[in-house]
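>>> sequence-free structure coming up:
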């Protein structure tokens, strides 16, 4: 089996998770940041950091692909938490780091307001026509509502595509999009992709936590000859549809 599986209930993982929470608490205090008001975002990133520490012995940012180069592991974007891009650019200029766990107090306050409004006014995405489905599947980037509508359309037999989760097995167990067809983790991407036997002419939509790893995989798949690959731009954290846990 190519997929690397880490038991979230194991003493090893629980101990590392405890250390990671203390680590992120220290980072928040050191830089004067605050946590994201979306608790599930923080927990997902913390678990990803703990997972990477166990797998690679470094707290690589979990939203970026890790590759083996000359016998050692390296983040595809040279990101080890708290990463330099977050400290120098993302948080000062955008209010939060790319993974979303660390924010300025002002960003977090505004995000809390937006989340409240979103919950109050959110309505289900309208149904798509067959022509709209075909057009969406040609787009390189999709938002959560568009993917949810495509999944509904697929259930009605209006469109066909493969939904591919490129996160790790542990993240899949924590929660994945209902209707996901394949788990192809970035830590074993090429082996698991080969096992999945997805035709190169199939329409694919890939997703991860916040869209970075999946964007990287999207480029790899295109280079490999896959002709139709869309990316869930902001990842599973932006998806409002049904999430399946534990299987």
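Sure, I can see it. These numbers were taken from a predicted model, which means no experiment stands behind them.
>>> who's in contact with the helix or strand hosting residue 15?
Element membership for residue 15 (DSSP states H and E) is helix 11-31. Helix 11-31 is contacted from outside by 6-8, 33-35, 42, 45-47, 49-51, 53-54, 59, 81-82, 87, 91, 101-102, using Cβ atoms under 8 Å, 6 or more residues apart in numbering. Yep, even glycine has a C-beta here, placed from its N, CA and C like the rest.
>>> show me what contacts the residue nearest to residue 234 when sequence neighbours are not counted?
Nearest residue to residue 234 in three dimensions, chain neighbours excluded: residue 211, at 5.1 Å (Cβ to Cβ, 6 or more residues apart in numbering). Counting by Cβ under 8 Å, 6+ apart, residue 211 makes contact with 231-235, 238.
>>> 6 Å instead?
233-235 (Cβ atoms under 6 Å, 6 or more residues apart in numbering).
>>> Most neighbours among those residues, which one is it?
Among the contacts of residue 211, residue 235 has the most neighbours (other Cβ atoms under 10 Å), with 24 neighbours.
>>> Distance check, that residue against residue 200.
Distance of residue 235 to residue 200, given as Cβ to Cβ, to the nearest Å: 24 Å.
>>> what does residue 80 give?
Taking Cβ to Cβ, one finds residue 80 at 35 Å from residue 200.
>>> ok, the two, which is more surrounded?
With neighbours defined as other Cβ under 10 Å, residue 80 and residue 200 compare such that residue 80 has more, 16 against 11.
>>> how far away is that one from residue 52?
Distance check for residue 80 against residue 52: by Cβ to Cβ, it reads 9 Å.
>>> Next, show the common contact partners of the two.
By Cβ under 6 Å, 6+ apart, the residues touching both residue 80 and residue 52 are residue 60.
>>> ok, now which ones touch the most centrally placed residue in the chain?
The centre of the chain sits closest to residue 209, judged by Cα atoms, centre = their mean, with a distance of 1.4 Å. Counting by Cβ under 6 Å, 6+ apart, residue 209 touches 44, 63, 235.
>>> so who does the first one touch?
If a contact means Cβ under 6 Å, 6+ apart, then residue 44 has residue 209 as its contacts.
>>> repeat for the last one
Contacts of residue 235 were listed using Cβ under 6 Å, 6+ apart, and they are 207-211.
>>> can you do 8 Å?
Shown in contact with residue 235 (Cβ under 8 Å, 6+ apart): 63, 207-212, 214.
>>> Flag every buried residue along the helix holding residue 15.
Neighbour-count burial for helix 11-31, counted by 16 or more other Cβ atoms under 10 Å, picks out 13, 16-17, 20-21, 23-24, 27-28.
>>> for the helix or strand just after that helix, what is the average pLDDT?
Per DSSP H and E, helix 11-31 leads on to strand 34-35 as the next helix or strand towards the C-terminus. Averaging pLDDT along strand 34-35 yields 97.
>>> what's in contact with strand 34-35?
Contact with strand 34-35 is made by 24, 28, 42, 101-105, 108, as judged by Cβ under 8 Å, 6+ apart.
>>> can you check stretch 82-93 too?
27, 31, 33, 61, 77-79, 96-99, 102-104.
>>> Pick the one among those closest to residue 181.
Minimum distance to residue 181 across the contacts of stretch 82-93 is 25.6 Å, recorded for residue 99 (Cβ to Cβ).
>>> so what's the nearest residue to the closest one once chain neighbours are set aside up against?
What sits nearest to residue 99 in space, not counting adjacent residues and going by Cβ to Cβ, 6+ apart, is residue 63, at 4.5 Å. The neighbours of residue 63, taking Cβ under 8 Å, 6+ apart as the test, are 45, 48, 98-99, 208-210, 212-213, 235.
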